[in-house]
Each structure stands twice: as C-alpha cells, then as structure tokens.
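my questions are about this predicted structure, shown below with the sequence.
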Amino acid sequence: MSPPEEEVPRLPMPSRNPLPLSASQEAQVRELYHSRVRGYCAAEIKLFADCALGRTFTAPFACRAQNRVMNACMIQHATQAEQDAAREEWFATRLKRQKEREKREERRKEQEKFHREWWGLPVEDREGEKGNEVLRKAERVGGFPKRDDKEGTLSKDRHR
C-alpha cells in the first residue's frame, strides 16, 4: 500500500504579467489547458467516440451531430480565460512538481547506491586497474564475440 499523499500548498501567481516561460514550460501549460477543456467536454467526447467506434471513412458522415456537439463544447470552453486559468494552475503547482523532482532524484540516488553496493565496486575503482580486471574476467554474454588474445590476433568471431 502506498503512503498517503501529503498536501502540498499551492503558490499564488507571481504577477499578472509573469516572465515568459520556456518552450517546454509553455508546452506543459498547453497540455494542462487541453486536459481542462477535455475534462469539461468529457461527456460529448465520449458520445462521439462511441459513435465513431468501428467506423473509418464513414465516421464524419454518420457521427456528424455528435461531432458538432463535441466541437461546440470545445470551442465554448477553449477561451483565453481558460488559458489564463491553466497558467495560474501551472504556477500554483510549482511546489508539487519540485517535490516530485526531488523524490525522483532521491530515488535515482538510492538506486545508484544499491547498484554500487550490489556490484561491489566504488566509482574510482571501476575506472582503475581493479575495474579493468573485473571486465577482463567478466562472464561472456551470448551475443558478444570472444575477446582478442594477448598477441593481438583477432578472434575468428570478429570476422563473421
């Protein structure tokens, strides 16, 4: 069972005219905006999808009424005010996204630590002589050719 989600406070909008966002941040705001509009029109989208199910070429003709109702709903809710609301929501959830990033980074570090402990070589030893020795004695995996011998002659597997 996962631990209960802790409530992260929502931050206010920094100003009515915030600094321009980067392209990826704008894409996040746009995705939030689209998901909000789709949420408002979920029933209409579902009706159109049910009608269009199993149809290919005839879907626009057979489901014209549902398509028009769905598009009218989307146009009604796709306003500048809704874009502003999505932008405000994006700014309000900054702390939540930051905490998620910190959790992912913490998890990555735990996994890296586990990996290091599991394989038994610290980073500095991996690049040194000890790491090279482990690689030389490594178990051969099916698809890789045999290593060349010490005299420098290539193994016959390299030429196939």
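Arrived safely, thanks for sending. Numbers count the residues shown, from 1 in each chain.

return the set of buried residues in the longest helix that the chain contains.
Longest among the helix segments of the chain by residue count, using DSSP state H, is helix 94-119. By 16 or more other C-beta atoms under 10 Å, helix 94-119 has no buried positions at all. C-beta: built from backbone N, CA, C; applies to glycine.

average pLDDT across it?
Across helix 94-119, pLDDT averages out at 85.

and for stretch 71-81?
94.

give me the contact list for that stretch.
36, 37, 40, 41, 44 (C-beta atoms under 8 Å, 6 or more residues apart in numbering).

where along this structure do the helices fall?
Assigned by DSSP H, the chain shows helices spanning 23-40, 42-52, 59-62, 64-77, 80-92, 94-119, 123-127, 129-136.

name the helices or strands packed onto the first one?
Other helices and strands packing on helix 23-40, by 3 or more C-beta pairs under 8 Å, 6 or more residues apart in numbering; DSSP states H and E, are helix 64-77, helix 80-92.

would you turn those helices into TSV with mean neighbour count?
TSV is the format used below for the helices and strands packed on helix 23-40 (neighbours: other C-beta atoms under 10 Å):
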stretch	mean neighbour count
helix 64-77	15
helix 80-92	15
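
which one of those lies closest to residue 100?
Residue 100 lies closest to helix 80-92 among those, at 13.8 Å (C-beta to C-beta).

tilt between the closest one and helix 64-77?
Counting by axes from the mean of the first three to the mean of the last three C-alpha atoms, to 10 degrees, helix 80-92 lies at 60 degrees to helix 64-77.

ok so, going back, got the angle between the longest helix of the chain and helix 80-92?
Using the same axes, to 10 degrees: helix 94-119 against helix 80-92 is 50 degrees.

which secondary structure elements does helix 94-119 contact?
Right, helix 94-119 is packed against no helix or strand by 3+ C-beta pairs under 8 Å, 6+ apart.

next, count neighbours for residue 50.
11 (other C-beta atoms under 10 Å).

would you mind measuring from it to residue 61?
Residue 50 sits 16 Å away from residue 61, taking C-beta to C-beta, to the nearest Å as the criterion.

likewise for residue 105?
Counting by C-beta to C-beta - residue 105 and residue 61 are separated by 52 Å.

do the same with residue 78
25 Å.

repeat that for residue 108.
52 Å.

I'd like to know how many residues surround residue 30.
The burial count for residue 30: 14, using other C-beta under 10 Å.
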